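Undergrad: return atomic coordinates for the entry below.
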Amino acid sequence: MINKIVQSIADALAGIKDGSVVLIGGFGSVGQPDALIEGLIEQGARDLTCVLNNAGTGRVGVAKLMDLGRVRKIVCSFPRSSDPVVFETLYREGRIELELVPQGTLAERIRAAGAGIPAFFTATAAGTKLAQGKETREIDGRTYVMETWLKGDVALIEAWEADRWGNLVYRGSGANFNPVMATGADLTIAQVQHLRELGDLHPHMVGTPGVFVDRVVQVDRGAPWV
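TA: Below is the predicted model of the structure:
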């Protein structure tokens, strides 16, 4: 019997190794798997490369993970936010690496990993510093930059509902990076608000099929479906 539901955050994060590339869903705080991030802090993995939309805010979540010296590199589109004090301090002191990737390119590199596409060409960043050292090609009179896929060892994502097969339903803008990241990692772990019985999730609502999901843990905040 397939049952991907685990009983605790610790069980969900078991086995994550030092040096892992970790894809973290969310757009700012929206759709961010905050309980899994806190669990990763407790789990203890170090020397991580974190791939996400922005580099954290204040001293919680990803910013706390960085502040503890557990992150070697950040791959993101927005390293600065309303309160980026942790990242800015570490970066200025040379204690963290940054790979800046335009947001659409970041999403497509992750999607390419899930689709088995090792590289693609995009006009984004052509003629800028972000294209330095990368292969370029002229196609129909326009310059394109070759970007490579971006694979994760682990993806930490957030969804609204799941069943025991790992099928996931997202709620509104909470989808953002979560569905694409679910496909781009060797191990995908989802925190969800609600658990449903098999057959209760309408197929048209499933944003991530269970074939991409390895572990599901419920983080119930008491929010109803409205």
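
Undergrad: end to end, how far does stretch 10-24 reach?
TA: Length of stretch 10-24, first residue to last, Cα to Cα, to the nearest Å: 17 Å.

Undergrad: stretch 133-141 too?
TA: 21 Å.

Undergrad: now the strands for this protein?
TA: With DSSP state E as the criterion, the chain has strands at 21-24, 48-51, 71-76, 97-100, 119-122, 136-139, 142-148, 152-162, 168-169, 185-195, 206-208, 215-218.

Undergrad: quick one: closest of those strands to residue 65.
TA: Residue 65 lies closest, by Cβ to Cβ, to one member of those: strand 71-76, at 5.7 Å. All C-beta spots, glycine's among them, are computed from the backbone N, C-alpha and C.

Undergrad: helices and strands around the closest one, which ones?
TA: Counting contacts by 3 or more Cβ pairs under 8 Å, 6 or more residues apart in numbering; DSSP states H and E, strand 71-76 is packed against strand 48-51, helix 62-67, strand 97-100.

Undergrad: out of the ones you listed, which is closest to residue 122?
TA: So among these, strand 97-100 is nearest, using Cβ to Cβ, at 14.9 Å.

Undergrad: buried residues in the closest one?
TA: Within strand 97-100, no residue is scored as buried using 16 or more other Cβ atoms under 10 Å.

Undergrad: residue contacts, the nearest residue to residue 209 once chain neighbours are set aside?
TA: Spatially, and ignoring its direct neighbours in sequence, residue 209 is nearest to residue 167 (6.0 Å; Cβ to Cβ, 6 or more residues apart in numbering). By Cβ atoms under 8 Å, 6 or more residues apart in numbering, the contact list for residue 167 reads 201, 206, 208, 209, 210, 213.
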